[in-house]
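S.K.: sequence first, predicted coordinates after that:
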Amino acid sequence: MSDQPAGEPGLLENEQVEEEQEEQVIDDEEEEGEDLLDNMAQDYRPMEHLDTYEQVGIDEEEEDGLNEEEQIAARLAAEAQLERRDRREGLRTGRALPAALVGYDTEGETEDFDDMRRRRRRRLSFGSTFSEDVEPVHVNIEETRGRLPEWIAQAEVAAEVKRRFRHFLKTFTEEDAEDVEGGRHGDGLANGGGPRPPGHVSRVYVSKIRDMMAASRCSLEVKYPHLSKQHPLLSMWLAEAPCLMIDLMSQAAREVVLEMFEGEDEFFMMTKRSEFEVFVRIVDLPVADKLRDLRNYHLNGLVRVHGVITRRTSVFPQLRIAKYDCTKCGYLLGPFIQNSEQEVKPVNCPSCSSKGPFTVNNTETIYRDYQKITLQESPATVPAGRLPRHKEVVLTNDLIDCARPGEEVDVTGVFVYGYDASLNVKNSFPVFNTHIEANYIARKEDVYSLYSLTDEDKHAIMTLAKDPRIGERIIKSMAPSIYGHEFIKTGVAMALFGGQEKHPSPAYRLRGDINMLLLGDPGVAKSQFLKYMEKTAARAVYTTGKGASAVGLTASVHRDPMTKEWTLEGGALVLADKGVCLIDEFDKMNDQDRVSIHEAMEQQSISISKAGIVTQLQARCSVIAAANPVGGRYDPSKTFAENVELSDPILSRFDIMCVIRDQVDPIQDQRLAEFVVGSHMRNHPSQLDENEEQVWVAEQSSHEAGSLLIN
Amino acid sequence: MLLPASRLLQVYNAVKTDKHSSEDRAVLIFVANGDVDSLCSMVQLESILAKDDFTTSVIPVENYEDVQEYCKKENLGETEDLKSVFMINCGATDDVRQHCDLSDNVRLVIIDSHRPIWHGYNVEEDQNTLVVLDDDDPVPRHEMPEYTRQDAELHLGGSLRHRDNLEASNSEGEEEEEDEDEEMTEQGVTDQFILQRVDPAQYTQWRQELEDHVAQHNMEEEQEEDIEQYGNNRAKHRPTVVRIEGLRLAFLKRWTLCSSMLYNHHVATRFQTWREAGKKQVDFLLSKLNIRMEQHQASFTSMHPAVEPHLREKLPQTVATFGLNWELLKYDGFELHYKNDFKLPAMDHVMAITAMLGRPRTPERTPQDIFQEALDCLYPQTKEGMALLTKGIERAKDVAVQIVEQGGLALTRKQVQGQRGFWYLDLANISFTGHHEFHHPSTLLKLAIFLRDANAQRMKSTAGLLVSNPFAMPLLEALKDCGATGGYMQATFDSSIFVIKKHLVTAFCEEMRAVVSAYQTCGAPVMD
């Protein structure tokens, strides 16, 4: 795991080792609490076995024969010789790294002085934006002594960690990234995947910083595999002591950003009246844990968990750097940097020595945003026969509101404990509550997000748009695993794309979303269509008639557990705003519940007036419902309205109504059966041989192309 | 004859004398309906004439056909009465007298900034057709060829783009300065500068001259105020013109900084801001200037007050690293101030009025209505003027966005066809969103300039940046070939914009292609 190059240890390294041994002795003494001043005189007592010089290498006679000038000349000549030797070995006296650290700058290979000069030139040509790093400290940070957090907290070690991380940010190239990712292009790379001109070096994190600043974000996403490739030690420490390491890395990243964007901090302070900060976000942590597997050995470590957000609180200001006023003398105390575990308060006033009371100074205190979300295990990962567990996740700064309830997320963060009095009362034993302090949240939907459309995507869309058969192609690509039903597929495509919303006047709005009702006999793939839409649409909420109540569909009012105030929580239709809401078994719903969505379907809003809250929520979504006819079978001798147990007002709100009948037709049934059986056979894991696999892949890619097109 | 500006007073006196012997005592002013330059000149001339109790009839005209039609209607060909006709920004490039078959009793005074001047005017004997030519004209008199009867060919001296500013000399010559003279003149000059019809050096020279005028005028005004014992801090209820050094970002104070950058001609062509990559580049430039997204995407008025000074201070050093030319982003010009809160740079004013003039002509909205509304925009101190000006600003913004977005899309889709030296875009055969707005020559010209520069940038060539166009004559030749059946006409008084019948377009394009490829192989334009 060491970055130290293989090779002979140099002179400097020997000295280093000796010094460290001496320090070790002193450290041991310190731990025992020995008073140095008491025994000081003993250091100078004569010790015969030590007070003699070794005879080897001392040429006293020769030196005695020289006068003073000659001695100085000889000394200068010797120093020049030493200097030459150091240069030859690539080490420079005074400015050199300790031999143990040489590997970090030489990137694992010994290089001569010329190489060093070339590298320096390259660093200069890299742009006048970067100055040389500060001189490295003379400490071997790999030899951890004591507990890791305490070791990292030492100023010299911290400085070295920052220096290495700065070096990583400035020098990590696309080639390195490709090595890590096995020839694949990493995302966020500067050139977007085109062939690179020879000699061109693209630095991954420099371009990421550029993008970050261009988008006015303050989160720098660092891929864990990249860090572990170049600096395995840092990545190990990051996993073990993430709080400290992320803090140091953020500071280092801030310094790099400020080197690239001069004056950013001053101007930021001037315009936003807060300090300019950069947050390092750790992406692609290789080890993912399950929420139910988090144990005490994960405490204070970096974890990555997957789940669904079920609840989200509002945003609170959290004390970050507090200043207090002494109410007796008016003296301003602080700053006190607050941590998430407990409040740091002054004990007594240095001015008047009183023990308070102290009040928080409103103007000088700095806050940060704070939000809690509840993460629940996603249904697919829950072991059979168990209930999903949940855990609270704390979001701060720019992570606030990055995900909404109902979304599947991947949370990377620090697993920490917090004191909870009620828990102790219940269990009558010192137990702690645990939560995750989020460092990075990846949403599943981000893959299809509209914001990630590149020029190439747009070009592909333009090319597709030129195809005169594009309409047919889109319809064909809808639910390709379902046989036939061209008209329903057309309707589904229309509902997914949506229509154009119109505003003839400010007071009048015509909805653009298309509502669709699928009415059909059992077993005609109605639910399959809904499931397909759930997977394809950019934003979809799936619910069933029996599992949804009126408030569950619209919005509920409940008491916030933190503020104890009445707050609104959006239902399925609100969550599906600007997307589709899929309701299966629509006919099984209570009439009262069904009435509640009348407003949402036509006016596309939900009006609430209860518990003192009078408001209107937006519900601009397409409602796609599936229902069975009265008596289970569609009777063609009756009218549509007679066949379905739905009231006229709700029927009038559907724009597309499809009847799917299971007609007896031997030829059609034969084809259908062949299609279904063929589909089963093709997709059976044991039947996938080489050729079929290729066919399957081709089918999937066409399916995905359709999905992309829709999104 | 070509009349030096110094003799303008003499002509004016002659016009005055004519007035007494004329029956209706009216002066006709033909004014080109399409550019701000002519609008301002017309206002100046009218105010001068009003001082001497002239009755003026202003006729906005779009092209020579309009002039011809009016002359026929008023029977100017056979009039017995002594008439004086001023032509503003029209008439210099062609033989108007012959076209309109004017009587000898009609005295034509042509004040036109279009070049080249029809060389037939360079005859000393013709005292009835006077073309005013200033001493500092970019195409001075000695460069004009002598007119000979045998000389049947048009001579194109110099570039098609070189033009003149005569209204400045006009106000100087008359020595009767009105309050609004500086404002109008400065807008005229800015108009020509924005539409790339004068070179920057010429613009700077005229601007400096105007600067002295403005300084002098403002000083006089201040003295007047002192005499009237008013405090200097009172709201100015008369529009004043102030010299400014700012940024050449259109509508910066009425838009967002980001939009102003994205749709700036220089930035758009350089970064290709219709593409995502270009937009990102602009974002990066702004982040390099330490301006965060919430600042540059907010409207100018809600931006932090520290941003603008910071931008001005840091932009000159930063743009060079992005391959932009600071000279093309800075604006040395004038600003119109009214009361304490209305400030409008001349550049924005001109663009707004041009946008108003460039609206499509419909039966409900005649050219006269458009001219009148554009004229009202010159007076922001009136309620109607302010409302129309705001409308014009919004339209100008729309046009700027359309030009960059749609023009850029046309380039990306390779709809700009042709070859090196000759490019064309056929709007009729492509899906060009908002193409109904792209009817007026001024809007089309802007689009063409944008496409030329953007294309040159894409091709990494300087092919579009002609100093003297070797294809001016072949263009006319090609047009004449098409025009054998009367298929073309000059769209405006600018001799570089033509209207061709739709069915002749293909033939014209083929002709031009042949000429250009012959030029590229032989090194000189080949004419039939």
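M.R.: Received, thanks.
S.K.: going forward, measure contacts between C-alpha atoms and count neighbours the same way
M.R.: OK.
S.K.: can you list the weak-confidence ranges in the stretch 201-350 of chain A?
M.R.: A:339-342 (pLDDT under 70).
S.K.: how does it look with 50?
M.R.: Within the stretch 201-350 of chain A, not a single segment meets pLDDT under 50.
S.K.: separation between A:F279 and A:A253?
M.R.: Going from A:F279 to A:A253 by C-alpha to C-alpha, to the nearest Å gives 8 Å.
S.K.: now do the shared contacts for those two.
M.R.: Counting by C-alpha atoms under 8 Å, 6 or more residues apart in numbering or on different chains, the shared contacts of A:F279 and A:A253 are A:L220.
S.K.: center of chain A, which residue is that?
M.R.: A:Y440 (2.4 Å; C-alpha atoms, centre = their mean).
S.K.: in whichever helix or strand that one is part of, which residues are buried?
M.R.: Assigned by DSSP states H and E, A:Y440 falls within strand A:433-443. The neighbour-count check on strand A:433-443 (16 or more other C-alpha atoms under 10 Å in any protein chain shown) flags A:T434, A:H435, A:I436, A:E437, A:A438, A:N439, A:Y440, A:I441, A:A442, A:R443 as buried.
S.K.: in the sheet, who's paired with the second one?
M.R.: On the basis of DSSP bridges, A:H435 is bridged to A:E392, A:V416.
S.K.: that one reaches A:F415, doesn't it?
M.R.: Yes. A:H435 is in contact with A:F415 according to C-alpha atoms under 8 Å; the separation is 6.0 Å.
S.K.: before we move on, the earlier item: what about A:F279 and A:A253, which has more around it?
M.R.: Neighbours around A:F279 and A:A253, counted as other C-alpha atoms under 10 Å in any protein chain shown, are more numerous at A:A253. The numbers are 25 against 22.
S.K.: name the residues that touch the strand holding A:Y440?
M.R.: For strand A:433-443, the surrounding residues in contact (C-alpha under 8 Å, 6+ apart) are A:281-283, A:391-396, A:399, A:402-403, A:407-420, A:423.
S.K.: now intersect the residues you listed with the helices, please.
M.R.: A:L423 (DSSP state H).
S.K.: may I have the phi/psi pair for A:V551?
M.R.: Here is the backbone geometry of A:V551 (degrees, to the nearest 10): phi -70, psi -30.
S.K.: okay, it: pLDDT?
M.R.: Predicted confidence (pLDDT) for A:V551: 77.
S.K.: which ones are touching it?
M.R.: A:V551 neighbours (C-alpha under 8 Å, 6+ apart): A:G571.
S.K.: repeat that for A:M270.
M.R.: Neighbouring residues of A:M270 by C-alpha under 8 Å, 6+ apart: B:A306.
S.K.: for A:I597, same thing?
M.R.: Neighbouring residues of A:I597 by C-alpha under 8 Å, 6+ apart: A:A550, A:L553, A:T554.
S.K.: ok, B:V67 next?
M.R.: Shown in contact with B:V67 (C-alpha under 8 Å, 6+ apart): B:F30, B:V61, B:C100.
S.K.: with distance to B:S41, pLDDT and neighbour count added, can I get those in TSV?
M.R.: Putting these into TSV (distance: C-alpha to C-alpha, whole Å; pLDDT from 0 to 100; neighbours: other C-alpha atoms under 10 Å in any protein chain shown) gives the following:
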residue	distance to B:S41	pLDDT	neighbour count
B:F30	11	85	25
B:V61	14	83	26
B:C100	23	76	19
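S.K.: picking up where we left off before, and which of the contacts of A:I597 is nearest chain B?
M.R.: A:T554 (33.3 Å; C-alpha to the nearest C-alpha).
S.K.: my guess is the closest one contacts A:G571, does it?
M.R.: Yes. Using C-alpha under 8 Å, A:T554 is in contact with A:G571, at 4.6 Å.
S.K.: neighbour count: the two, which is higher?
M.R.: With neighbours defined as other C-alpha under 10 Å, A:T554 and A:G571 compare such that A:T554 has more, 26 against 20.
S.K.: next, work out how far apart the more buried one and A:I613 are.
M.R.: For A:T554, the distance to A:I613 equals 15 Å [C-alpha to C-alpha].
S.K.: ok so, going back, among the contacts of B:V67, which lie within strands?
M.R.: Counting by DSSP state E, the part of those found in strands is B:F30, B:V61.
S.K.: need the helix or strand of the chain with the lowest average pLDDT.
M.R.: Reading this off chain A. helix A:102-106 (a mean of 39; mean pLDDT, DSSP states H and E).
S.K.: wrong chain, I was asking about chain B
M.R.: helix B:167-174 (a mean of 30).
S.K.: low-confidence regions, chain B specifically.
M.R.: Confidence mapping of chain B against pLDDT under 50 gives the ranges B:148-182, B:225-232, B:234-235, B:463-466, B:525-528.
S.K.: how close does A:Y483 sit to chain B?
M.R.: Computed with C-alpha to the nearest C-alpha, to the nearest Å, the distance linking A:Y483 and chain B is 37 Å.
S.K.: ok, that residue touching A:V677?
M.R.: No. Using C-alpha under 8 Å, A:Y483 is not in contact with A:V677; the gap is 11.4 Å.
S.K.: ok, the two, which is more surrounded?
M.R.: Taking neighbours as other C-alpha under 10 Å, A:Y483 and A:V677 compare with A:Y483 leading, 15 against 12.
S.K.: A strand includes the more buried one, no?
M.R.: No. With DSSP: H, G, I helix; E, B strand; the rest coil as the criterion, A:Y483 is coil rather than part of a strand.
S.K.: ok, the closest residue to chain B within the stretch 251-400 of chain A - contacts?
M.R.: In the stretch 251-400 of chain A, the residue that lies nearest chain B is A:E264 (5.2 Å; C-alpha to the nearest C-alpha). By C-alpha under 8 Å, 6+ apart, the residues touching A:E264 are A:L258, A:F276, B:N290.
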